[in-house]
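1. Let me see the structure of the following:
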Amino acid sequence: MNLPITDYVLLIFLSVSVYTDITRRKVYNWTTLSALILGFGFNFLISGTAGLKESALGMMSGFLFLFFFYLLGGMGAGDVKFMAAVGALKGYHFVIMAGLYGAIAGGIGAILVILAKKNFLPTLKKLFHGIIGFFAFKSPEALKFSEENATFLPYTVFLSIGIIIRWIEILPK
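-> Predicted coordinates for the structure are as follows:
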């Protein structure tokens with residue numbers, strides 16, 4: 001099977017990002033910046049200005065996909081930049097579906113962790129009160145949770161699961 005160079009860059013980028021997120025709780029700027037530059041560069045070489053446009057739309061889509069959740073404190077800036085880099089490599093159609101798959105994987109992972117810690121009902125209660133507070137007082141602060149009892153989930157792992165699912169889904173048969 002003859003894969004585009006952007007697929008090889010994507011797989012290396014995912015591997016490095018997942019490793020650093022699990023071991024150091026960081027997605028480093030040098031990895032996301034490298035993937036962004038390579039995404040724009042290779043897509044330009046392959047498709048000219050149409051490739052640049054696809055990378056730009058993909059980068060913006062990947063960024064915006066997670067930016068609201070970052071503002072609410074639900075994830076780190078590295079996750080947002082991670083998805084922007086994936087968008088620059090693979091385009092906006094890819095990054096939107098991959099992000100949705102990753103969000104589903106992340107939701108399942110979060111529920112499993114909450115259940116394993118036997119913390120489901122208190123977490124559900126906090127979430128319910130936060131949503132009520134958000135709509136009643138129009139305050140995004142109501143949706144923020146304290147970090148004192150928070151459990152760290154390396155979200156790039158779940159996003160990468162979604163990315164791999166999408167990547168396999170569109171592979172030539």
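2. In contact with residue 100, which residues are there?
-> With contact set as C-beta atoms under 8 Å, 6 or more residues apart in numbering, residue 100 has these partners: residue 162. Heads up, the C-betas are built off the backbone N, CA and C, glycines and all.
3. Give me the distance between it and residue 6.
-> As judged by C-beta to C-beta, to the nearest Å, residue 100 and residue 6 stand 20 Å apart.
4. And residue 41, how close does it get to residue 34?
-> Residue 41 is 10 Å from residue 34, by C-beta to C-beta.
5. Repeat that for residue 106.
-> Applying C-beta to C-beta to residue 106 and residue 34 gives a distance of 24 Å.
6. More neighbours: the two, which one.
-> Using other C-beta atoms under 10 Å, the more surrounded residue of residue 106 and residue 34 is residue 106, with 23 against 16.
7. Run a quick neighbour tally on the closest residue to that one other than its chain neighbours.
-> Distances taken as C-beta to C-beta, 6 or more residues apart in numbering put residue 158 closest to residue 106, at 3.6 Å, once the chain neighbours are dropped. Using other C-beta under 10 Å, residue 158 is surrounded by 22 other residues.
8. which residues does residue 158 contact?
-> By C-beta under 8 Å, 6+ apart, the contact set of residue 158 is 102-103, 105-106, 109.
9. And those, which is closest to residue 30?
-> Nearest to residue 30 among these: residue 102, at 22.2 Å, using C-beta to C-beta.
10. That closest one is in what secondary structure piece?
-> Residue 102 is part of helix 92-116 when elements are defined by DSSP states H and E.
11. all helices for this structure, in order.
-> Here the chain has its helices, by DSSP state H, at 5-24, 29-47, 49-71, 77-90, 92-116, 120-137, 155-170.
12. Check the spacing between residue 156 and residue 45 real quick.
-> Computed as C-beta to C-beta, the residue 156 to residue 45 distance reads 27 Å.
13. Quick one: the helices of the chain as a markdown table, columns for mean pLDDT too.
-> Formatted as a markdown table, the helices of the chain follow (pLDDT from 0 to 100):
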| stretch | mean pLDDT |
| --- | --- |
| helix 5-24 | 97 |
| helix 29-47 | 97 |
| helix 49-71 | 95 |
| helix 77-90 | 97 |
| helix 92-116 | 92 |
| helix 120-137 | 71 |
| helix 155-170 | 96 |
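14. and the ones you listed, which is most packed in?
-> Most buried of those by mean neighbour count (mean count of other C-beta atoms under 10 Å) is helix 77-90; its value is a mean of 26.
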